[in-house]
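need a structure here:
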Amino acid sequence: MKNKIIAAALAAVMSIGFMAGCAKKKDDTVVRVGSLKGPTTIGIVNLMDKSAKGESEGKYDFTMSAAPDEITAKIVSGDLDIALVPANLASVLYNKTSGGVTAIDINTLGVLYCVTGDESVKSVADLAGKTVITTGQGATPEYSLRYLLDQNGVSDCTIEFKSESTEVAAVLAEDPTQIAVLPQPFVTVACAQNEAIAPAFALEDEWQSLTGGLGMVTGVTIVRNDFLKEHPEAVKTFISEHEASVNAANSDVDTTAALVVASDIIGKEPIAKKAIPLCNVVCMTGDSVKTNLSAYLEVLYNYDPKAVGGNLPGDEFYYKG
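Reported below is the predicted structural model:
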């Protein structure tokens, strides 16, 4: 009997040791996360802060980029595991990697606005014969704008691209009569810096009027499938912590504003506090991802297949975890 008790005790110790080893292995999985300077990063700044303090459940290495191309290259090369990217770029990457990425959540809804001091501009139709400055060449801003122009019969609007939203804001500051398409929070920043400009219209409103109420999906979170297969629990943990971070951004604007300024997304806290509630950051998961994203991508595909990488993603593109 004594030997049986000792054997049982040893088995229990070994079991505890095995479980601890598994837990340690999970904790040592560092998830490399990329996001864009703007709303997508605003949604995860609280998680970034917790991670930096060692208080997050998962371990993360965050990279914030100014242009979508930087994130695209790192996903393709395998230097990022998870990325928060423009909605159409998620589809482009799916096609570019032969189905090598999966959409795990929607992180941002409509945030694009036409901003100008030109009071004659009230809608997309008013952009006829004018020049519009914007960012996001090859991504959601460009294709959304081109779709709206085409559907409104505007064929003579010139689109001029800048690499960053701060460059667009600088042009407006110098000449308020210029017309720009900007995402939040840069809309609020630009308007705060120059009272001569204001939002003329939201692209979301124009989009819905053309699509029967379909919302504009701006940002999507994707994961490399190789990483998903190897670390499914780490992905689940990220999704959970992403959701918590978004909830914190929307419920605790003061704290989030301080983090946004510290991350150099917005320069001043008062402006950040005004902008955050307008950034439409979300963490939509489950069936709602496919319902909303597939409908949005289909509109773009019907307009121009190359906007989504040539083909619409199959069902396997949408996370079922």
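
count of neighbours near A52?
12 (other Cβ atoms under 10 Å). Where you see a C-beta, it was placed from the backbone N, CA and C, and this is true even at glycine.

ramachandran angles for it?
Dihedral pair for A52: phi -60, psi -30, per degrees, to the nearest 10.

for it, report the pLDDT, please.
The model reports A52 with a pLDDT of 97.

please tell me how far it sits from R224.
Applying Cβ to Cβ, to the nearest Å, the value for A52 to R224 is 24 Å.

kindly report the same for F201.
Counting by Cβ to Cβ, the gap from F201 to R224 is 37 Å.

L182 now?
30 Å.

ok, the two, which is more surrounded?
L182 (26 against 23).

by contact count, what packs against the helix or strand hosting the more buried one?
L182 belongs to strand 179-183 when assigned by DSSP states H and E. Under the contact definition 3 or more Cβ pairs under 8 Å, 6 or more residues apart in numbering; DSSP states H and E, strand 179-183 sits against strand 112-116, strand 131-134, helix 140-151, helix 165-174.

G309: which of the ones you listed is closest?
Using Cβ to Cβ as the measure, helix 140-151 is the one of the helices and strands packed on strand 179-183 that comes nearest G309, at 11.4 Å.

residues in contact with that closest one?
86-89, 112, 124, 127, 132, 134-136, 155, 157, 159, 161, 181, 183, 203, 206-207, 210, 216, 218-219, 299-300, 303-304, 307 (Cβ atoms under 8 Å, 6 or more residues apart in numbering).

so where's the chain uncertain?
1-27 (pLDDT under 70).

G136 and V223, how far apart?
22 Å.

pick out whichever of the two has more residues nearby.
A direct count of neighbours by other Cβ under 10 Å for G136 and V223 places V223 higher, at 28 against 25.

shouldn't that one be in contact with G100?
No - applying Cβ atoms under 8 Å as the test, V223 and G100 come out as separate, 10.0 Å apart.

anything in contact with each of these two?
Contacts common to V223 and G100, judged by Cβ under 8 Å, 6+ apart, are absent.

mind listing what's buried in stretch 204-224?
204, 206-207, 211, 215-224 (16 or more other Cβ atoms under 10 Å).

please compute how far that stretch lies from its chain's middle.
Offset of stretch 204-224 from its chain centre (Cα atoms, centre = their mean, to the nearest Å): 12 Å.

what's the span of that stretch, first residue to last?
29 Å (Cα to Cα, to the nearest Å).

give me the neighbour count for the nearest residue to G117 once chain neighbours are set aside.
Nearest residue to G117 in three dimensions, chain neighbours excluded: P176, at 3.2 Å (Cβ to Cβ, 6 or more residues apart in numbering). The local packing of P176 (other Cβ under 10 Å) involves 17 other residues.

now do the same contact list for P176.
Contacts of P176 by Cβ under 8 Å, 6+ apart are 116-117, 194, 196-197.

wait, a helix at it?
No - with DSSP: H, G, I helix; E, B strand; the rest coil as the criterion, P176 is coil rather than part of a helix.

where's it relative to T116, distance?
Distance from P176 to T116, by Cβ to Cβ: 7 Å.

what residues are shared contacts of these two?
I197.

contacting residues for G153?
So G153 contacts A125 (Cβ under 8 Å, 6+ apart).

check the one 4 residues further on too.
Neighbour list for C157: 127-132, 149 [criterion: Cβ under 8 Å, 6+ apart].

returning to what we had before: what about the helices and strands packed on strand 179-183, which gets the closest to L93?
helix 140-151 (13.1 Å).

chain center to the closest one: distance?
18 Å.

strand partners (parallel or antiparallel) of the following helix or strand past that helix?
In the C-terminal direction, the helix or strand that comes right after helix 140-151 (DSSP H and E) is strand 158-161. Strand partners for strand 158-161, identified by DSSP bridges, are recorded as strand 131-134 (parallel).

which parts of this structure are helices?
2-27, 39-42, 45-52, 68-77, 87-96, 140-151, 165-174, 186-193, 203-211, 225-230, 232-251, 253-262, 269-275, 287-303 (DSSP state H).

tell me which of those helices sits most buried.
helix 39-42 (a mean of 28; mean count of other Cβ atoms under 10 Å).

for it, packing partners?
strand 82-86, strand 101-108, strand 281-284.

out of the ones you listed, which gets nearest to E316?
strand 101-108 (7.5 Å).

if we can go back for a sec, gap between the strand holding L182 and the chain center?
Distance, centroid of strand 179-183 to centroid of chain: 18 Å (Cα atoms, centre = their mean).

contacts for that strand?
Here strand 179-183 has contacts from 38-39, 111-116, 118, 121, 127, 130-135, 141, 145, 165, 168-169, 171-172, 190, 200, 203, 218, using Cβ under 8 Å, 6+ apart.

fine, thanks again, bye for now.
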